[in-house]
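Asks: Sequence first, predicted coordinates after that:
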Amino acid sequence: MNYLAFWAKKKAMPSMLIDDIYQQCIERIITAKRILLVTHISPDGDALGSLCFMMAWLDMLQKPYSAYTAGPLPSTLSFLPGYDLICLDKKDLPVSECDLIISLDCGNVARTGLVSEISGRRSDQFFIEIDHHPSVEKVSDLEIRDSSAASTTEILQAIAHRAGLRLNPVMSQCLLTGISTDTANFRFSATSNKTIAAASRMLLGGASLSKIVDHTWRTKSLPDLKLWGTALSRLERLERYNIAYTVITPEDFAATASDEEAMEGLAEFISSLPDVAAILVLRDDGRGFVRGNWRTIRDDIDVGALARFLGGGGHRKAAGFALPGRLTRREDGWQVEN
């Protein structure tokens, strides 16, 4: 039963119940023979920070494991310990040999890229979900889901604390990377006193916030900024819904000699518009999908619900989705066409 997800909504979960859920997770990790770690496609700092932290923990335990994401891996996060050891091809995964599967920061199983492997797992393969996104399905054997946490790495820090784990600089760097990137360097409203306390423990553990900021926030090249200029020049406002939106096409990437990583941070930048209910950035990936990012700074708007309606997911103030099709320009504006 999903006790943690239930009580997280009420924000009054008894500490004894939290300890019990965490302890079940810890015991499964310690007793497992081989573990499969997985995070979502197109992983961000929280996803890779979570994955690399777990890899470091299992290395300490001398526990056999495989770590997987369907990718692509952002080069801005290549400083994370274990980055080069992450598997990107599921054909290379020894899934049948793993008796414990742990998904990190995934939101739903579809985002793991291992739907059949997880849904069709054997009875002796235990599945744990650790996440801070709202629940959309019930497929795990043990679910640790706290939507009040600012990041999945914040939850992992709490589990590590319950395990009595002495965090080394490698682990601390991984956890702080997730916290820093998922809070936009502590600017998002999800940042709480628990978040700040967790980050403080990471700094005491040897993490370098300045290194994280250098690699994740101060990374824009001239081509990247030219792409942003194109996006900003197309920014329009839909008065009927009080929404600002812009689009990026494959031709824009070619014209500016930039890549998809250049999009990182654009939605957050545009969300600083003070007089709109929400902003939407649409990107034609050139591979048959249009990917959207919703952002809002208002407490009365839930863009996560909008994203879920479109088959995606996320949080109240930051969410995303993908639709099959391509972006085309019409006289009355941009449209997604199949």
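Replies: Ah, there it is. Numbering: from 1, shown residues only.

Asks: And stretch 282-301, how far out from the chain middle?
Replies: Its chain's average C-alpha position is 15 Å from that of stretch 282-301, according to C-alpha atoms, centre = their mean, to the nearest Å.

Asks: List the buried residues for that stretch?
Replies: By 16 or more other C-beta atoms under 10 Å, the buried positions in stretch 282-301 come out as 282-285, 289-297, 301. From N, CA and C alone the C-beta is placed, and that goes for glycine too.

Asks: Dump those residues to JSON lines, plus pLDDT.
Replies: Rendered in JSON lines, the data for the buried residues of stretch 282-301 read as follows (pLDDT from 0 to 100):
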{"residue": "282", "pLDDT": "97"}
{"residue": "283", "pLDDT": "96"}
{"residue": "284", "pLDDT": "96"}
{"residue": "285", "pLDDT": "92"}
{"residue": "289", "pLDDT": "94"}
{"residue": "290", "pLDDT": "96"}
{"residue": "291", "pLDDT": "94"}
{"residue": "292", "pLDDT": "95"}
{"residue": "293", "pLDDT": "95"}
{"residue": "294", "pLDDT": "96"}
{"residue": "295", "pLDDT": "94"}
{"residue": "296", "pLDDT": "93"}
{"residue": "297", "pLDDT": "88"}
{"residue": "301", "pLDDT": "92"}
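
Asks: Those into a markdown table, with extra columns for secondary structure and distance to residue 251?
Replies: Shown next, in a markdown table, are the buried residues of stretch 282-301 (DSSP: H, G, I helix; E, B strand; the rest coil; distance: C-beta to C-beta, whole Å):
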| residue | secondary structure | distance to residue 251 |
| --- | --- | --- |
| 282 | strand | 14 |
| 283 | strand | 12 |
| 284 | strand | 9 |
| 285 | coil | 13 |
| 289 | strand | 16 |
| 290 | strand | 14 |
| 291 | strand | 16 |
| 292 | strand | 18 |
| 293 | strand | 19 |
| 294 | strand | 24 |
| 295 | strand | 24 |
| 296 | coil | 29 |
| 297 | coil | 31 |
| 301 | coil | 32 |
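
Asks: can these go into TSV with extra columns for distance to residue 116?
Replies: TSV is the format used below for the buried residues of stretch 282-301 (distance: C-beta to C-beta, whole Å):
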residue	distance to residue 116
282	30
283	28
284	28
285	24
289	21
290	26
291	23
292	27
293	28
294	29
295	33
296	35
297	39
301	36
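
Asks: what packs against the helix or strand containing residue 19?
Replies: Following DSSP states H and E, one finds residue 19 within helix 15-31. On a contact count with 3 or more C-beta pairs under 8 Å, 6 or more residues apart in numbering; DSSP states H and E, helix 15-31 meets helix 3-10, helix 45-61, strand 100-104, strand 126-131, strand 142-145, helix 152-162.
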